[in-house]
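J.: dropping the sequence and predicted coords here.
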Amino acid sequence: MMGEENRVRLRRTNSTSRAEDIVTEDAKVRKSQPDKPIHSPRDSLISWGSNFNNFEGMVNWAFLLLAIGGIRLFLENLNKYGIRVNPTVLITSFISQVTDENASFISLYLLLYTNVPILLILLVEKLIAKDIIAWRFGCFIHMTNLLLMLLIPILVINVRSENIGVAAATLVTGIYSVLFLKMWSYVQVNHWCRCSITILGQKRARHTSIYRQASIIMDKNLFKASSPKSLAEVKETSSKPVESSMSESSGVKPVTWPDNLSLGDIYYFWFAPTLCYELNFPRAARVRKLFLIRRALEVIIGFNVSIAVVQQYIIPSVVNSLVPFASMDVGLATERLLKLALPNHILWLIWFYLLFHSFLNTIGEILQFADRDFYHDWWNANNIAKFWSTWNLPVHRWCVRHLYKPLLHAGCSKTTGMLVVFFTSAFFHEYLISVPLRVFKVWAFLGMMVQAPLFPFTRFIQKNIGPRMGNIMVWVSLILGQPLAVMMYYHDFVVEHFGRDLIQSYGQLSSFNSSKSFLV
């Protein structure tokens, strides 16, 4: 017992080291001196070793300097160009288009045509569900239909370019891109449901058996039944209790495949603020009228503010950057780039809030769509990968669900899956810019593909220098990358459609104002 007590006693140590004892003893001796000492070993406040982290006053100072700089740029722009904001430009342009005897309304016809591929996909899915056509033939029709969704805007915009402006063409290509992603998800999810029914119910011989089997499956958890035997057990013993329990708990009977193949279901998905299809979307209990009015007002006000920023700041900066950019005057082109960076970034932030918060919440509230998780805190992203996975959640979830995970399931590596996702994203970025401008370059495509090698680079910065420097790198890429792309595409647009000889002319606001009808 004594030996054990001694062993336990030997484990006990003092809470301070010998060096700390010496410092403490020295401090006591110095305080006892009659010279009233006030000094002690301390680091300067903003040194790394001081552990000081309250910089609220410096943040306020930085915001004040930013505000003063913004006011100066505003006054400089106002004195140089005057008031260029014209909130009625879109209305007057639309009225002139409607009252024009030779108006062809190409963009309106293209928007109405979106109903054709939607109805065709629904028809094919119903025919496949009833075994009227085989899945392989239906898949061929689906792939052809999806391909035409992307090709039709390209053909129409290029053939009838004199009847459709850049703004209308941008709207059309954006809607057709969303339609492509939504219908891809719709087809793939219905295929997953068919495969689940086939696995549970063995092989099906007639379409009636499919409907009978599908009626048994009440939710996604039942899709994971391990054998056909479990399906029979569910059919014999659990069908009615499941239905009654679910109806008692939720009050609404969940939709099962193939009952989801209806006009109401596919059109609800078409207008819902999501790209990923589900048979049973989460629904809100009611429409919050005050919330809806707020979001709708934000959409209206934000849209007009964005037009004002484009008219007052971005157009003059872009036009004035054309000549130095074409002549490769590095110093002047860099100055124009930095001058364009601030209003361009403000416009990007406005459109982020306008689209992902105001507009999508407005649509979600009208449709009582309960999942409003459209973005996360991308502004705190410490690397590029974190940014791309948090700022646009509808697209991110579509890529993960319909591209990345199926590729991994097919045996591809994670690197291959990531490259395919970035290739797809790069394609749509280029599609949304090149098709409306009718300038088929690869700047947006390359800009997106360059993001892939930036993943390990920004992670290296985050790990070795610190998260704050990683966040700064993310912001630098956002602030400087976009205005550079804007300048490059405007230069190529002028060269492609007006000729290199007119660069000097289109580098002046007077020439741009006299020919800006092509924008609407």
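T.: Arrived safely.
J.: quick one: residues contacting residue 393.
T.: 373-376 (C-beta atoms under 8 Å, 6 or more residues apart in numbering). (Glycine included, C-beta is placed from N, CA and C.)
J.: report the secondary structure element holding residue 406.
T.: Taking DSSP states H and E as the criterion, residue 406 maps to helix 405-409.
J.: buried stuff in that helix?
T.: Neighbour-count burial for helix 405-409 flags residue 407 (criterion: 16 or more other C-beta atoms under 10 Å).
J.: tell me the helix or strand right after it.
T.: In N-to-C order, the element after helix 405-409 by DSSP H and E is helix 414-437.
J.: just checking, what packs against the longest helix along the chain?
T.: Longest helix in the chain, counting residues (DSSP state H): helix 166-200. On a contact count with 3 or more C-beta pairs under 8 Å, 6 or more residues apart in numbering; DSSP states H and E, helix 166-200 meets helix 106-113, helix 115-129, helix 135-159, helix 207-214, helix 228-233, helix 263-271, helix 393-399, helix 414-437.
J.: now do the longest one and helix 414-437, the angle between them.
T.: Read that as helix 135-159. Calculated by axes from the mean of the first three to the mean of the last three C-alpha atoms, to 10 degrees, helix 135-159 forms an angle of 40 degrees with helix 414-437.
J.: just list what helix 135-159 packs against, helices and strands only.
T.: On a contact count with 3+ C-beta pairs under 8 Å, 6+ apart, helix 135-159 meets helix 106-113, helix 115-129, helix 166-200, helix 414-437.
J.: what mean pLDDT does that helix get?
T.: In this model, helix 135-159 carries a mean pLDDT of 92.
J.: how about JSON lines for the helices and strands packed on helix 135-159, with distance to residue 336 added?
T.: As requested, these are exported to JSON lines (distance: least, C-beta to C-beta, whole Å):
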{"stretch": "helix 106-113", "distance to residue 336": "32"}
{"stretch": "helix 115-129", "distance to residue 336": "42"}
{"stretch": "helix 166-200", "distance to residue 336": "21"}
{"stretch": "helix 414-437", "distance to residue 336": "20"}
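J.: need those in TSV (columns: distance to residue 453, mean neighbour count and mean pLDDT).
T.: Below are the helices and strands packed on helix 135-159 laid out as TSV (distance: least, C-beta to C-beta, whole Å; neighbours: other C-beta atoms under 10 Å; pLDDT from 0 to 100):
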stretch	distance to residue 453	mean neighbour count	mean pLDDT
helix 106-113	37	16	90
helix 115-129	36	18	94
helix 166-200	26	19	88
helix 414-437	10	18	89
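J.: closest to residue 91 out of these?
T.: Distance to residue 91, taken as C-beta to C-beta, is lowest for helix 166-200 among those, at 12.9 Å.
J.: what is the distance between that closest one and the centre of its chain?
T.: How far helix 166-200 lies from its chain's middle: 17 Å, per C-alpha atoms, centre = their mean, to the nearest Å.
J.: kindly report the same for stretch 286-296.
T.: That offset, for stretch 286-296, works out to 23 Å (C-alpha atoms, centre = their mean).
J.: in that stretch, what counts as buried?
T.: 295-296.
J.: for it, list the C-alpha coordinates in PDB.
T.: Provided in PDB are the C-alpha atoms of stretch 286-296 (Å, rounded to 0.1, in the frame of the first residue of the first chain):
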ATOM      1  CA  ARG A 286     -49.700  28.700 -45.900                       C
ATOM      2  CA  VAL A 287     -48.600  31.700 -47.900                       C
ATOM      3  CA  ARG A 288     -47.100  34.400 -45.700                       C
ATOM      4  CA  LYS A 289     -48.500  37.500 -47.400                       C
ATOM      5  CA  LEU A 290     -46.300  40.100 -45.700                       C
ATOM      6  CA  PHE A 291     -43.200  38.000 -46.500                       C
ATOM      7  CA  LEU A 292     -44.300  37.700 -50.100                       C
ATOM      8  CA  ILE A 293     -44.900  41.400 -50.500                       C
ATOM      9  CA  ARG A 294     -41.400  42.200 -49.100                       C
ATOM     10  CA  ARG A 295     -39.700  39.800 -51.400                       C
ATOM     11  CA  ALA A 296     -41.700  40.900 -54.400                       C
END
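J.: what about residue 344, distance to residue 321?
T.: From residue 344 across to residue 321, the span is 11 Å (C-beta to C-beta, to the nearest Å).
J.: among the two, which residue is more densely surrounded?
T.: residue 344 (26 against 23; other C-beta atoms under 10 Å).
J.: quick one: residue 70 is in a strand?
T.: No. Under the criterion used here (DSSP: H, G, I helix; E, B strand; the rest coil), residue 70 is helix, not part of a strand.
J.: if we can go back for a sec, so which elements touch the helix holding residue 406?
T.: helix 414-437.
J.: most centrally placed residue in this structure?
T.: When C-alpha atoms, centre = their mean is applied to the chain, the residue found nearest the centroid is residue 392 (2.5 Å).
J.: do I have it right that it meets residue 360?
T.: No. The criterion here is C-beta atoms under 8 Å, and residue 392 misses it with residue 360 at 10.8 Å.
J.: where does this protein dip in pLDDT?
T.: 1-24, 26-27, 93-94, 96-103, 198-252, 325, 491, 495-520 (pLDDT under 70).
J.: farthest-apart pair in the contacts of residue 393, please.
T.: Using C-beta to C-beta, the pair of the contacts of residue 393 lying farthest apart is 374 and 376, separated by 9.1 Å.
J.: please say which of these two ends up with more neighbours.
T.: Looking at residue 374 and residue 376 with other C-beta under 10 Å, you find the greater number of neighbours at residue 374, namely 18 against 15.
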